[in-house]
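Enquirer: Let's see this in three dimensions:
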Amino acid sequence: MTEAAPSAAEPRLGTVAIIGAGQVGTMLGCALVGAGATASIDEVTLFDRDASVARESLSHGAGHRVLARQLEALEADTVILAAPVPAIVELVDELGPQLGPGTALIDTGSAKRAVVDAMRRSVPASVHAIGGHPMAGTERPGPGGARLGALRDATFVLTPFRPDPEALSRGRAVVRAVGASPLEIDADLHDRVVARTSHLPHVMAFALASVDLGAGTRDIAGALTSTGYLSATRLAGSDPDMVAGFLTANSTEVRGALHDLLDALTRLGAALEQGPHVLAELLRAHS
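Expert: Below is the predicted model:
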């Protein structure tokens, strides 16, 4: 695992096409439009299967124009896939074989093994493809959930999957253009760690939000809801389809993380029966 050193001369990004104009695509688009000529960007175009989403993203300043057809993205020098993970895999399989030689391809999915496997099987060696994951998302879906400036100094993971110095160079150029910091790691390592630092918290938030507060609590639940509960359940406001997509794509590692969590909960439950001193020691060990 290495942090990338700045390159003396960044490659041209040229025309950038972003497929998927939701929260992440909008954040990236705004940052790339802002970087403009300083990052050798000629134009940023947007496409979304829901044309109204693309137009909303454009209204936030995330691009110069909206593409009428997805296939128009094939004309770009740099293609960024900013959709939910299952859709990214589909897009790689669909568009990968059609990309022209020298095109750069990067994605933003939070599960990397499934994506880079798709790139390996569907993207020709003449295309400079690399996996990516900006660590700057929020639970608010759509262009309205984009936090402008959130990418500044954020970690942006790059996961190479074959020897291709140009793919890595172009990936770094995208990362630096949006003001983030590139971190190059293996896809499997990424998925193992993110399963515990991002995916598991999503599962926990939805699980906690689903716990019945008990009969007769409707009138007082709001008054007795702590800031801790609100913080712990914040991620339950995420788009369920998006969450289900990355959890499924990273299911092996998520299952392992859940197993570890259940072990920890079992130990805490047992400590509850042994008194406050034993419980405090267990809590202290993990504080």
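
Enquirer: And the pLDDT at Ser7?
Expert: For Ser7, the pLDDT comes out at 46.

Enquirer: separation between Ala17 and Leu71?
Expert: As defined by CB to CB, to the nearest Å, Ala17 lies at a distance of 10 Å from Leu71. Any C-beta I mention is one placed from the backbone N, CA and C, and that applies to glycine too.

Enquirer: I meant Val243, not that one.
Expert: To Leu71, Val243 is 29 Å away according to CB to CB.

Enquirer: can you check Pro143 too?
Expert: For Pro143, the distance to Leu71 equals 23 Å [CB to CB].

Enquirer: Who has more neighbours out of those two?
Expert: Applying other CB atoms under 10 Å to Pro143 and Leu71 shows that Pro143 carries more neighbours, namely 26 against 12.

Enquirer: residues in contact with that one?
Expert: Ala21, Gly22, Gln23, Thr26, Val53, Glu56, Ser57, Ser59, His60, Ala62 (CB atoms under 8 Å, 6 or more residues apart in numbering).

Enquirer: Name only those of those residues that count as buried.
Expert: Among those, the ones that count as buried by 16 or more other CB atoms under 10 Å are Ala21, Gly22, Gln23, Thr26, Val53, Glu56, Ser57, His60, Ala62.

Enquirer: Let me know whether the fourth one touches Ala62 as I believe.
Expert: Yes: the criterion here is CB atoms under 8 Å, and Thr26 meets it with Ala62 at 4.5 Å.

Enquirer: Which neighbours do those two have in common?
Expert: Pro143, Ala146.

Enquirer: Quick one: mean pLDDT for the host helix or strand of Arg120?
Expert: Assigned by DSSP states H and E, Arg120 falls within helix 113-122. Averaging pLDDT along helix 113-122 gives 98.

Enquirer: from the contacts of Pro143, which is closest to Met204?
Expert: Using CB to CB, Gln23 comes nearest to Met204 of the contacts of Pro143, at 21.2 Å.

Enquirer: Let me know whether my guess that Ala17 is in a strand holds.
Expert: Yes: under DSSP: H, G, I helix; E, B strand; the rest coil, Ala17 sits within a strand.

Enquirer: Just confirm it contacts Leu81, I think it does.
Expert: No: using CB under 8 Å, Ala17 is not in contact with Leu81; the gap is 9.6 Å.

Enquirer: just to revisit the earlier point, CSV for the buried ones among the contacts of Pro143, including secondary structure, pLDDT and distance to Gly137?
Expert: Formatted as CSV, those follow (DSSP: H, G, I helix; E, B strand; the rest coil; pLDDT from 0 to 100; distance: CB to CB, whole Å):
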residue, secondary structure, pLDDT, distance to Gly137
Ala21, coil, 97, 14
Gly22, coil, 95, 10
Gln23, helix, 95, 6
Thr26, helix, 97, 11
Val53, helix, 97, 16
Glu56, helix, 98, 17
Ser57, helix, 98, 15
His60, coil, 97, 16
Ala62, coil, 97, 15
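
Enquirer: Name the residues of stretch 118-127 that come out as buried.
Expert: Buried residues in stretch 118-127, counted by 16+ other CB under 10 Å: Ala118, Met119, Ser122, Val123, Val127.
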